[in-house]
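*Asks:* Next input, structure requested:
(chains A and B)
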Amino acid sequence: MAATDGADGAVIGTGGLAALVRLLRERGRTVVGPTVRDGAVVLAELESADELPYGWGVELEAGRYRLRRRADGAAFAHSAGPQSWKTFLYPQRVRRWSADRGPDGALAVAAEPEPAVSYAFLGVRPCDLRAIAVQDRVLTGGRYADPDYRGRRAGAFLVAVECTEPGATCFCASMGSGPGAGPGYDLALTEVVDADGHRFLARPGTDEGAEILAALPRLPADGGATAQAARTAVAGAADRMGRSMPPVDLRALLRGTLEADRWDDVAARCLTCGNCTMVCPTCFCTAPEDVTDLTGDHAERWRVWDSCFDLEFSHLAGGPVRSSGRSRYRQWLTHKLGTWHDQFGSSGCVGCGRCIVWCPVGIDITEEVHALHAEARGGCGAGGCGCGAAEDGAAEVGAGGVGAGGPGAAPGTGP
Amino acid sequence: MTAPAAAVRGSAAVPLPYRVVRRDEETADTVTLALEPAGEGLEPFRPGQFAMVYAFGRGEVPVSVSGVERGGSGGRRGERLLHTVRAVGAVSAGLHGLRPGDGVGVRGPYGTGWEPAAAEGGDVLVVAGGLGLAPLRPLVRELLARPERYGRRSVLLGARTPADLLYREQVRAWSAAEGLLVGAAVDRPGPGWDGDVGTVVALLGRARFHPPDTAAFVCGPEVMMRATARELVHRGVPAHRIRVSLERTMHCGTGHCGHCQLGPVLLCRDGPVLGWDRAGPLLGVREL
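*Replies:* Residues are numbered from 1 along each chain as shown, chains lettered A, B, ... in the order given. Sure thing, here's the model as predicted:
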């Protein structure tokens, strides 16, 4: 049955996918993957491949997420949901250490052991594969490694699934992080559903991935037809991205925007709720929480997700450094696309589109960047520069912030 | 426990237990705590670096090291860290209230230092406002210990009132040291104050230095550092030779919590001490 193994990879069916989940679980791994729950495709522990969202797709728009039925029964024809893998690799709330105070006042501090969990992530989209690599650099790539993240990440087996069905809010192609899978996976799958059946092209990225793949049941050789169909589907996905960033050096663009008028425009719409930072697969900011028990002699240090949109985030003795909404949105965006490069050697954005979907007022990061780009070029509200700002900006929120109108002409977001 | 000790060792994630061995009241709301390691101590701190100091059950705050001294047990293991703390928030008030014998946790050393080696051979200015003298004190001690390495040396101090001047006895001793100019100015003089009244910037006119070869080390409130650096640049001191120590919220010290960002800079990692060539343009942006 090794007939389908070739330079293009192997072909497995839905039975092979079921066997993959079984095998990973038999090896003691906690398998996490997409499943339908509470009206969304969420990431949760899977007991079998039957729980995958076969036949479910999603409809995405700024501030809007809806499930919809698909006739083709595809398992991975949905793009990013409300969670990302940081839910598991960098949980929202983690204990870091405990301290006990003895009768003589002396402290004893005990580090939380590194987690011994052994995850297998099934269905890591290419954008999220990049996001994991970005968080790797932030949390373990510097002088100090975060021990909790390192423990969760070190043993994780990543099954990437290439993207063949981008959402209307996706822009991974313009961030260079999809729709094909980049490096970092143990096993990569590409789903193909057509007249010849429902199957997956599978390629190993590591020795362990090859070993697992070798143990899965294969479909008969098809002369490379599945591999060809997979390539066509992924290439087609790149052409069907719903959004894009301006094709310029975003780091340089953002560096020059600190005094832009557009920040006032977006600040007039932004609720500073922080949803974008919660759903972002790379946002890593945290705050400490110190608690004591009733004896008063046992204390614990916890770490919880924090958001640069929170007023407390930049609190100093004299008050917050960033008190205006303008400065907080600017911090988020200039960090994500610009200063992230200075701090960690890459962009912080992978083009997954979650921040667009889960923004309660539908602020669109790509639209904001197009508008900033237009403003930097002297206000090309009339279009013609090729950046798309006139089209994108004008259609949704009016040309006020894009053109020369500036904040004084800031439009509302609707009735 | 699978955590490798070498990877943690106080510097990354977990504080090491220390004990308060002395508490000196500096001003009405500021104390200097001498901390001795209960067991193993931290790696040595360079002047200007900071520690995360843990008040049991309350939390941690970044505090610069205002001095080190040899502990009772001798050797580096027993090296005492001096931290000067003003009671302004819940954690710093907790630290302020500690008494000899009480336990604290300390992590570090973190961040960049003053790096006085770059100043050797030229004139040196130390300019401190209020509590800003704390991280500069180890540097002043270096200037006193090795006068032959530096040109003309000046220490200029500013405070709100005479009662807010830190380390008054030591400053008197510095004034007596040969070749070290010490000046102090206060905003609001009290009875018995015969020194200068005004900002520390005005004292620059008294210091003698050759601007192109001068290194300046500045710490204090941001507005004071900005005024000082601008005046020094105006007088011809190269911006990169003016080093300032900046303050932003810091929770981790290890570059992971994201709070201490100042544009491209993570202050806990790339700072707190920065050259004015880098810090000036960043501080010039409102609410950055």
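
*Asks:* ok, and for stretch A:139-157, which residues are buried?
*Replies:* A:139-140, A:142, A:144-153, A:156-157 (16 or more other Cβ atoms under 10 Å in any protein chain shown). All C-beta atoms are positioned from the backbone trio N, CA, C, and that covers glycine.

*Asks:* Likewise for stretch A:18-38?
*Replies:* A:18-21, A:23-25, A:29-36.

*Asks:* what's in contact with it?
*Replies:* A:12, A:41-53, A:56, A:67, A:76, A:78, A:81, A:85, A:88, A:117-123, A:157, A:159, A:187, A:212, A:215-217 (Cβ atoms under 8 Å, 6 or more residues apart in numbering or on different chains).

*Asks:* Show the buried residues in those residues.
*Replies:* A:12, A:41-44, A:46, A:49, A:51-53, A:56, A:67, A:76, A:78, A:81, A:85, A:88, A:119-123, A:157, A:159, A:187, A:212, A:216.

*Asks:* Keep only the residues you listed that also lie close to chain B.
*Replies:* Contacts with chain B within the buried ones among the contacts of stretch A:18-38, counted by Cβ under 8 Å from any Cβ of the partner chain: none were found.

*Asks:* Just those: which are in helices?
*Replies:* A:88, A:212 (DSSP state H).

*Asks:* Report the two members of the buried residues of stretch A:139-157 separated by the largest distance.
*Replies:* Maximum pairwise distance among the buried residues of stretch A:139-157 (Cβ to Cβ): 25.8 Å, between A:Tyr144 and A:Phe157.

*Asks:* thinking again about what came up before, out of the buried residues of stretch A:18-38, list just those in strands.
*Replies:* Here DSSP state E is the test, and the buried residues of stretch A:18-38 give A:30-36 as lying in strands.

*Asks:* show me where pLDDT drops low in the stretch 151-300 of chain A?
*Replies:* Regions of the stretch 151-300 of chain A meeting the criterion pLDDT under 70 are absent.

*Asks:* how about the strands in it?
*Replies:* In the stretch 151-300 of chain A, the strands defined using DSSP state E, counting those that start in this stretch lie at A:157-161, A:187-194, A:197-204, A:286-292, A:298-305.

*Asks:* which helices and strands does the last one pack with?
*Replies:* Right, the one you point to is strand A:298-305. In terms of contacts (3 or more Cβ pairs under 8 Å, 6 or more residues apart in numbering or on different chains; DSSP states H and E), strand A:298-305 is packed against strand A:93-101, strand A:286-292.

*Asks:* Tell me which residues are up against the helix or strand just after that strand.
*Replies:* Proceeding N to C from strand A:298-305, the next assigned helix or strand is strand A:315-316, under DSSP states H and E. Contacts of strand A:315-316 from elsewhere in the structure, counted by Cβ under 8 Å, 6+ apart, are B:247-249.

*Asks:* Any chance of JSON lines for these, columns pLDDT and distance to chain A?
*Replies:* JSON lines is the format used below for the contacts of strand A:315-316 (pLDDT from 0 to 100; distance: Cβ to the nearest Cβ, whole Å):
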{"residue": "B:Glu247", "pLDDT": "94", "distance to chain A": "7"}
{"residue": "B:Arg248", "pLDDT": "94", "distance to chain A": "7"}
{"residue": "B:Thr249", "pLDDT": "94", "distance to chain A": "6"}
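
*Asks:* and residue 164, what does it touch?
*Replies:* Answering for chain A, as no chain was given. Per Cβ under 8 Å, 6+ apart, neighbours of A:Thr164: A:76-77, A:179, A:190-192, A:233-234, A:236-237.

*Asks:* Let me rephrase: I mean chain B.
*Replies:* B:27, B:130, B:186.

*Asks:* All the helices of the stretch 1-150 of chain B, residue numbers only.
*Replies:* B:5-8, B:90-96, B:133-145 (DSSP state H, counting those that start in this stretch).

*Asks:* Touching the helix or strand A:Val109 falls within from outside, list them.
*Replies:* Per DSSP H and E: A:Val109 is located in strand A:107-111. Contacts with strand A:107-111, where a contact means Cβ under 8 Å, 6+ apart, come from A:96-102, A:147, B:1, B:3, B:8, B:13-17, B:38, B:56, B:103-105.

*Asks:* ok, and for that strand, which residues are buried?
*Replies:* A:107, A:109, A:111.

*Asks:* quick one: stretch B:226-244 near chain A?
*Replies:* No. Judged by Cβ under 8 Å from any Cβ, stretch B:226-244 stays clear of chain A, getting no closer than 14.3 Å.

*Asks:* Span of that stretch from start to end?
*Replies:* 9 Å (Cα to Cα, to the nearest Å).

*Asks:* all strands in the stretch 1-150 of chain A, in order from the N-terminus.
*Replies:* Under DSSP E, counting those that start in this stretch, the stretch 1-150 of chain A gives strands at A:10-13, A:30-37, A:40-45, A:56-61, A:64-69, A:93-101, A:107-111, A:119-124.

*Asks:* can the ones you listed go into a markdown table with extra columns for distance to B:Ala207?
*Replies:* Compiled in a markdown table, those are given as follows (distance: least, Cβ to Cβ, whole Å):
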| stretch | distance to B:Ala207 |
| --- | --- |
| strand A:10-13 | 76 |
| strand A:30-37 | 64 |
| strand A:40-45 | 62 |
| strand A:56-61 | 63 |
| strand A:64-69 | 64 |
| strand A:93-101 | 46 |
| strand A:107-111 | 44 |
| strand A:119-124 | 61 |
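
*Asks:* A:Phe171: which of those strands is closest?
*Replies:* strand A:56-61 (11.7 Å).

*Asks:* Give the other helices and strands that the closest one contacts.
*Replies:* Using 3+ Cβ pairs under 8 Å, 6+ apart: strand A:56-61 touches strand A:64-69, helix A:354-357.

*Asks:* Quickly compare those and say which is most buried.
*Replies:* Of those, the one with the most neighbours on average (mean count of other Cβ atoms under 10 Å in any protein chain shown) is helix A:354-357, at a mean of 27.

*Asks:* Any idea how far it is from the middle of the chain?
*Replies:* 10 Å (Cα atoms, centre = their mean, to the nearest Å).

*Asks:* for that helix, what is the average pLDDT?
*Replies:* Averaging pLDDT along helix A:354-357 yields 98.
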